[in-house]
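Visitor: After the sequence you'll find the predicted model.
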Amino acid sequence: MRVALTPPASSLRSGGGRGPRVIVVGSGAAGLLAAYRAASRGHDVVLVTKADLPESNTRYAQGGVAAVTSPDDSIESHVADTLVAGAGLCDVEAVRLLCTEGPDRVRDLLALGLELDRVDGPGSPLARGREAAHSAHRVLHSHGDSTGLSLEIALIDAVRSVPLEVHEHTFLRDLVVAETELPGSSSTVRALGARTVDELPGSRVEAPAGAVSSASTSSTPTGRRRRCGPTPSCSPRAAPGSSSRTPRTPT
């Protein structure tokens, strides 16, 4: 069992003029997108995940994505529907932000290769469903109830297209932080790195990291690491009988 700061000393020294180092914890939709965006903007990125790269809660999400994508719908209507469904428990500003940015985020995901169901095949309008408290047809699906799996596949393909390092079967143990005194203000706690646990032999290593981003994932450790880039080694491991390009309903 190893307890170490991720990434190890040998990989913590940025090279080739890349930007500040970013450690992303979790390989669900949030973690994959954060890692992709950071790496595509020139940061030295390390992605840490508890299982194989494609294994996360995102993979098993079967619900659709609600966003305003048609001219007969509106952001205000989406906001109102969400607040009614929330029965007074919603943060109004958070709801407005999600509903306002939703259409652009859907377009971003489509540009990254997410396959959403269409009315009549490729190039036709998106198939929009009306579900739950929604007053308009705005719920988008991929391959029926495989929306999460399709999203995971698209984002892993995006991650494969940029240079970053992936630590699979590795748990986050804790963050390495330091308190910094800023002139004219109170002290600020800054994240220096992340200690991790895997099953590889070794010892504790301490070295700095520029930023740490966390997103949840799942499963168990066995301690593997690889460099992710435009190679097949980082493609999703599909369930038996399926391929990484053809999502199937998870069992």
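Guide: Noted; the coordinates are in hand.
Visitor: Show the backbone phi and psi for T196.
Guide: When read as degrees, to the nearest 10, the backbone of T196 gives phi -130, psi 170.
Visitor: That one touches H169, doesn't it?
Guide: No - applying C-beta atoms under 8 Å, one finds T196 not in contact with H169, separated by 10.2 Å. Where C-beta positions appear, they are placed from N, C-alpha and C, glycine not excepted.
Visitor: Neighbour count for these two, which is higher?
Guide: More crowded of T196 and H169, by other C-beta atoms under 10 Å: T196, with 25 against 21.
Visitor: what do T196 and H169 both touch?
Guide: Counting by C-beta atoms under 8 Å, 6 or more residues apart in numbering, T196 and H169 have no shared contacts at all.
Visitor: what does the longest helix along the chain contact?
Guide: Longest helix of the chain, by residue count under DSSP state H: helix 92-111. For helix 92-111, contacts defined as C-beta under 8 Å, 6+ apart pick out 65-69, 75, 78-79, 82-83, 86, 116, 140, 151, 154.
Visitor: Would you mind extracting the C-alpha trace of it into CSV?
Guide: Backbone C-alpha positions of helix 92-111 (Å, rounded to 0.1, in the frame of the first residue of the first chain) are rendered in CSV as follows:
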residue,chain,number,x,y,z
VAL,A,92,-33.1,30.7,-7.1
GLU,A,93,-29.8,32.1,-8.4
ALA,A,94,-28.4,28.5,-8.8
VAL,A,95,-31.6,27.5,-10.7
ARG,A,96,-31.4,30.6,-13.0
LEU,A,97,-27.7,29.9,-13.7
LEU,A,98,-28.3,26.2,-14.6
CYS,A,99,-31.2,27.0,-16.8
THR,A,100,-29.5,30.0,-18.5
GLU,A,101,-26.3,28.1,-19.2
GLY,A,102,-27.9,24.8,-20.1
PRO,A,103,-28.4,25.4,-23.8
ASP,A,104,-24.7,26.4,-24.3
ARG,A,105,-23.5,23.5,-22.3
VAL,A,106,-25.5,21.1,-24.5
ARG,A,107,-24.0,22.7,-27.6
ASP,A,108,-20.5,22.2,-26.0
LEU,A,109,-21.2,18.5,-25.4
LEU,A,110,-22.5,18.0,-28.9
ALA,A,111,-19.3,19.6,-30.3
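Visitor: sorry, back to before: restricted to strands, list the contacts of helix 92-111.
Guide: 65-66, 140 (DSSP state E).
Visitor: quick one: buried residues of the longest helix of the chain?
Guide: 95-96, 98-99, 102-103, 106, 109 (16 or more other C-beta atoms under 10 Å).
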